[in-house]
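S.K.: Model the structure of this input:
(4 chains)
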Protein chains: 2
Amino acid sequence: MNRTASIKDVATHASVAVGTVSNVLNYPDRVSERTKERVLRAIDELGFVRNDAARQLRVGHSRTIGLIVLDVGNPFFTSVVRSAEDAAALQGSAVLLGDSGHDAGREANYIDLFQEQRVQGLLISPVGDVTDRLDLLRERGVPTVLVDRLADESKFSSVAVDDDAGGYLAARHLLDTGRRQLAFVGGPTSIRQVADRLEGARRAVKEEPDATLEVLDSEGQTVLAGRSVGDMLVQRGRAELPDGIFCANDLLALGVMQSLTMTHTFRIPEDVALIGYDDIDFAVSAVVPLSSIRQPTELLGRTAIELLSEEVESQNPVHRAVVFTPELVVRQSTAAPAAG
Amino acid sequence: MNRTASIKDVATHASVAVGTVSNVLNYPDRVSERTKERVLRAIDELGFVRNDAARQLRVGHSRTIGLIVLDVGNPFFTSVVRSAEDAAALQGSAVLLGDSGHDAGREANYIDLFQEQRVQGLLISPVGDVTDRLDLLRERGVPTVLVDRLADESKFSSVAVDDDAGGYLAARHLLDTGRRQLAFVGGPTSIRQVADRLEGARRAVKEEPDATLEVLDSEGQTVLAGRSVGDMLVQRGRAELPDGIFCANDLLALGVMQSLTMTHTFRIPEDVALIGYDDIDFAVSAVVPLSSIRQPTELLGRTAIELLSEEVESQNPVHRAVVFTPELVVRQSTAAPAAG
DNA sequence: GCGATCTTTTGAATCGTTTCATTGTTACGA
DNA sequence: TCGTAACAATGAAACGATTCAAAAGATCGC
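M.R.: All right, here's what the predicted structure looks like:
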């Protein structure tokens, strides 16, 4: 009872050869009803559970897919993760999840771990610019799909959402509702998503000669970071307040909102309009329901798995870069000001 | 270049025996500087990556820990997951994450998968009453720690938060601020946490002769479910509205809040006080900052890993049930009404 | 009853590690 | 120079599955 039963034990117990047991497990219709039944009974009686390491060693690859995201706590990734898991389950694979937390070291650890596990392939939302590390993966022949980042199609497949378009949508919407002094709140522009969203916003602002865009740096992408940016704004005089704020994600926006509304000195959207990005579940239930940019996260996860399957199956892989278009969701936080 | 290099290739390339390569990998100081260097160079040149399946097959167990949660999207679990991952990483293990989504079938799949992977042990937040399935795990000798659920100490270790105490805290707080017609909003009471929180609330209400507690069923534990309960309340006349609502979690509470405030017919906390559970990040940034019950989630994850390690290491395991006490967080949603 | 054909079962070889008893090498004191 | 101890390196065996060529058994027509 101390050691777990092996396929050999099952074979002995059912008085058949090991090959037969293996066939029952993998090719049930190669084996007669009678013996199948006997083997299954033995499996049950011994509580046999297949040792996947041995299986994997023999067949040469696992049935798992590695997925490395920047932050599981971020609802955007949570949603991607879940849809990827579902899509993987449909094709009989399991997902190993790693959270790099924007840390290149942790990311590297997970890449190593997953390689040792001989995952079928890797979905990764990479930290910063890691072209060399990714090239290494490519050399080693690990099928890899970049998530939420556009890739050179000669090297990798990728799924992404057009962040420039999203940024443009958000800023254009603020402009369309009459705002002219815009501010962009976002973490380090070394993060590609942030940079692209800002770029899109700039593009929109350029279309209006009298509009300006100020960039406010935040320490990360959390509610707290947003709150400290908000506090900073509150400390400015009313005159210097922008009349439209675009945050690089909803968490930031909620933080800013919280800070502005708690002081009761500024009203949203009358004094300042606010729009976020991601359209997380909480956007709709914020102090003032938050306008946002919605990304098709379920589609992202599913498509990523599909692209990976393509790579795994074909040996001379044709890479594809799939780009989805985000969508504007208007709520109260950007309602047109009452008058003038 | 097509096949990945094995330890044997490395041995040949470095002109040493396979055992030596293995020693370089696992017991670096059993081997001389000179050969170590040579082996490491060979590893580098061939791009060798250890095959963990083979290693695992030989040593008999993996370096991974299975973790099955009810819902990764739920901030409570996200936090537990993260702290468990960190704690596991410290001791050189990786966490395989599974999301059962409250579905017994998916849970069973993950349990099977993880058993095939020969995980060191299992942390599980089980779906409903699964004593038999868990007993099976115990028979098979898979060290298991229950998360967010109290266990019979003769069978399993567990980490949990005292939900009865939490429910009491919440209801007591509503009573202390003068509310008397209380309502409890919660998913099916077949969920243990929900039942316990309700029980605790009942205990508090019994202490006040003139207080009543009404139970409102919700379809699950999401913002949406909360919204539909809220809509139902709005449709009732004002007279029939409770003056204090305790929701089994923050998502529900945010949904209820959203519904009540959108109609502008009821004010929180003047007409009705609202308290949630979990103190998720968004509680503080809700329409009306939400009072809640905070659970020590990081501690939960960390402790779960510690208990598991204990089980893995000692062969005659002494199970422990660790219970943490939750904490009341008061915000505006339960502020005392202006005047009687 | 026999050969041909088809189905079922067999079991040795294999995957890539780790382990460990054995062999080889070096250093040093007598 | 030799013996011994300490240290390094060796390589066969083992882990538990899958695979596949070959053997065994069943079925059928004549």
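S.K.: excluding its backbone neighbours, what's nearest residue A:250?
M.R.: residue A:276 (3.8 Å; Cβ to Cβ, 6 or more residues apart in numbering or on different chains). (Glycine included, C-beta is placed from N, CA and C.)
S.K.: where's that neighbour relative to residue A:180, distance?
M.R.: 20 Å (Cβ to Cβ, to the nearest Å).
S.K.: What's the separation between the residue nearest to residue A:250 and residue A:329?
M.R.: Distance, residue A:276 to residue A:329, by Cβ to Cβ: 9 Å.
S.K.: So what touches stretch A:128-145?
M.R.: Contacts with stretch A:128-145, where a contact means Cβ atoms under 8 Å, 6 or more residues apart in numbering or on different chains, come from A:104, A:107-108, A:111, A:115, A:119-124, A:126, A:146, A:155-159, A:190-191, A:304, A:307-308, A:311-312, A:317, B:1-2, B:4, B:47, B:49.
S.K.: Please report the separation between the first and final residues of that stretch.
M.R.: Terminal residues of stretch A:128-145 are spaced 16 Å apart (Cα to Cα, to the nearest Å).
S.K.: residues touching the residue nearest the centre of chain A, list them.
M.R.: Among the residues of chain A, the smallest C-alpha distance to the mean C-alpha position (Cα atoms, centre = their mean) belongs to residue A:77, namely 3.4 Å. Counting by Cβ under 8 Å, 6+ apart, residue A:77 touches A:69-71, A:125.
S.K.: any idea which helix or strand carries it?
M.R.: Residue A:77 belongs to helix A:75-90 when assigned by DSSP states H and E.
S.K.: Does at least one residue of stretch A:91-108 sit close to DNA strand D?
M.R.: No. Shown here: stretch A:91-108 not in contact with DNA strand D (Cβ under 7 Å from any atom of the strand), separated by at least 13.2 Å.
S.K.: What mean pLDDT does stretch A:261-274 get?
M.R.: Stretch A:261-274 shows a mean pLDDT of 85 in the predicted model.
S.K.: Any buried residues in that stretch, and which?
M.R.: A:261-262, A:266, A:268-269, A:272-274 (16 or more other Cβ atoms under 10 Å in any protein chain shown).
S.K.: Find the pair from these with maximum spatial separation.
M.R.: Checked with Cβ to Cβ, the buried residues of stretch A:261-274 reach their widest spread between A:262 and A:273, with 18.0 Å between them.
S.K.: got the phi/psi numbers for the residue in chain A positioned nearest to DNA strand C?
M.R.: In chain A, the residue that lies nearest DNA strand C is residue A:19 (2.1 Å; Cβ to the nearest atom of the strand). When quoted as degrees, to the nearest 10, the phi and psi of residue A:19 stand at phi -60, psi -40.
S.K.: Would you state the helices of chain A in chain order?
M.R.: If you assign secondary structure with DSSP state H, the helices in chain A sit at A:7-14, A:18-26, A:33-46, A:52-59, A:75-90, A:104-116, A:131-140, A:163-176, A:192-206, A:223-235, A:250-262, A:297-313.
S.K.: can you state the direction angle for the fifth one and helix B:75-90?
M.R.: With axes from the mean of the first three to the mean of the last three Cα atoms, to 10 degrees as the criterion, the two stretches helix A:75-90 and helix B:75-90 enclose an angle of 80 degrees.
S.K.: Go through helix A:75-90 and flag the buried ones.
M.R.: Applying a neighbour-count criterion of 16+ other Cβ under 10 Å, one finds A:75-89 buried in helix A:75-90.
S.K.: pLDDT weak spots in chain A?
M.R.: Applying pLDDT under 70 to chain A flags residues A:1-3, A:315, A:338-340.
S.K.: Within range of DNA strand C, give me the residues from it.
M.R.: Of all the residues in chain A, those in contact range of DNA strand C (Cβ under 7 Å from any atom of the strand) are A:15-20, A:22-23, A:29-32, A:34-36, A:54, A:57-58, A:60.
S.K.: Now do the contacts for the residue of chain A most remote from its centre.
M.R.: Ranked by distance from the centre of chain A (Cα atoms, centre = their mean), the top residue is residue A:15, with 50.2 Å. For residue A:15, the contacting residues are residue A:38, taking Cβ under 8 Å, 6+ apart as the criterion.
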